[in-house]
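Trainee: predicted coordinates and the sequence they were generated for:
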Amino acid sequence: MLALLSAIQHELEISMAAKKAKSKGTSRRGGSKLSGAEKAAYSEIKQGVKHLEKSIGEITKGLRKTEKAIEADARARIRALRVEARTQLGVLKSKRSEVKSQLKKVSAAAEGSWQEIKHSADALLADARATATSVIDRLRAAITR
C-alpha cells in the first residue's frame, strides 16, 4: 500500500514538474500538451492521493484517540484494583487480630492442653489462609483481564 502511495506521489511530482516546466515555456514531452484523457487520469490520481492522505490522517487520529481511551481505562482499572486490595488487606488484618485474640482465649482456657490450642489455631489459620487465597485469586484474575 505504501509502495503504491509512494509511486503515485512520485508520478504526481513528475507531473507537477512537467506542469511548471510548461508554464516556463518548456515541456517534458517535447512541446506536446496533455490530452483530455491524460488530464482526466492525472486529475483522478491527484484526487486519489488526496483521499489517501485524508484517510491516513483519520486513521492516525483514530489510533491516538483509541490509545488515550485504553490508557484511561487502564488507569481506572488500576485505581479500582488498589481500592479492592486495600479493602481485602483490611479483612486479612482483622482475621489476623481475631486469630491472635482467639489464641489468647483458648490458651488461657485450656490451661496447658496444647492439643486443643493447636486444633483451634489450625482452624482459625485455615480460615485466614482461605480468605488470603481468595483475595490473591481475585487480584490475579483482575490483572489478567
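Mentor: Done, it's in. Numbering: from 1, shown residues only.
Trainee: got a pLDDT number for Leu81?
Mentor: Looking at Leu81, its pLDDT is 88.
Trainee: run a quick neighbour tally on it.
Mentor: 14 (other Cβ atoms under 10 Å). The C-beta positions use only the backbone N, C-alpha and C, and glycine is treated the same way.
Trainee: so that it lines up with my notes, have the first residue be 7 from now on.
Mentor: Renumbered: residue one is now 7, and that last one reads Leu87.
Trainee: ok, it - contacts?
Mentor: Taking Cβ atoms under 8 Å, 6 or more residues apart in numbering, we find Leu87 in contact with 145, 148-149.
Trainee: switch to 7 Å and redo it
Mentor: 145, 148 (Cβ atoms under 7 Å, 6 or more residues apart in numbering).
Trainee: and the one helix or strand Asp133 maps to, average pLDDT?
Mentor: Counting by DSSP states H and E, the element that carries Asp133 is helix 120-150. Averaged over helix 120-150, pLDDT sits at 80.
Trainee: contacting residues around stretch 89-101?
Mentor: In contact with stretch 89-101 (Cβ under 7 Å, 6+ apart) are residues 134, 137-138, 141, 145.
Trainee: buried sites along it?
Mentor: Neighbour-count burial for stretch 89-101 flags 94, 101 (criterion: 16 or more other Cβ atoms under 10 Å).
Trainee: where do the helices of this protein begin and end?
Mentor: Using DSSP state H, the helices of the chain run over 8-29, 42-116, 120-150.
Trainee: what is the distance between stretch 93-101 and the centre of its chain?
Mentor: 31 Å (Cα atoms, centre = their mean, to the nearest Å).
Trainee: one more: stretch 54-67?
Mentor: Distance, centroid of stretch 54-67 to centroid of chain: 24 Å (Cα atoms, centre = their mean).
Trainee: repeat that for stretch 16-23.
Mentor: That offset, for stretch 16-23, works out to 41 Å (Cα atoms, centre = their mean).
Trainee: can you dump the C-alpha coordinates of it into PDB?
Mentor: Below are the C-alpha coordinates for stretch 16-23, written out as PDB (Å, rounded to 0.1, in the frame of the first residue of the first chain):
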ATOM      1  CA  HIS A  16       6.300  10.200  -7.500                       C
ATOM      2  CA  GLU A  17       4.200  10.400 -10.600                       C
ATOM      3  CA  LEU A  18       2.500  13.500  -9.200                       C
ATOM      4  CA  GLU A  19       5.800  15.100  -8.600                       C
ATOM      5  CA  ILE A  20       6.900  14.400 -12.100                       C
ATOM      6  CA  SER A  21       3.600  15.700 -13.500                       C
ATOM      7  CA  MET A  22       3.900  18.800 -11.300                       C
ATOM      8  CA  ALA A  23       7.400  19.400 -12.500                       C
END
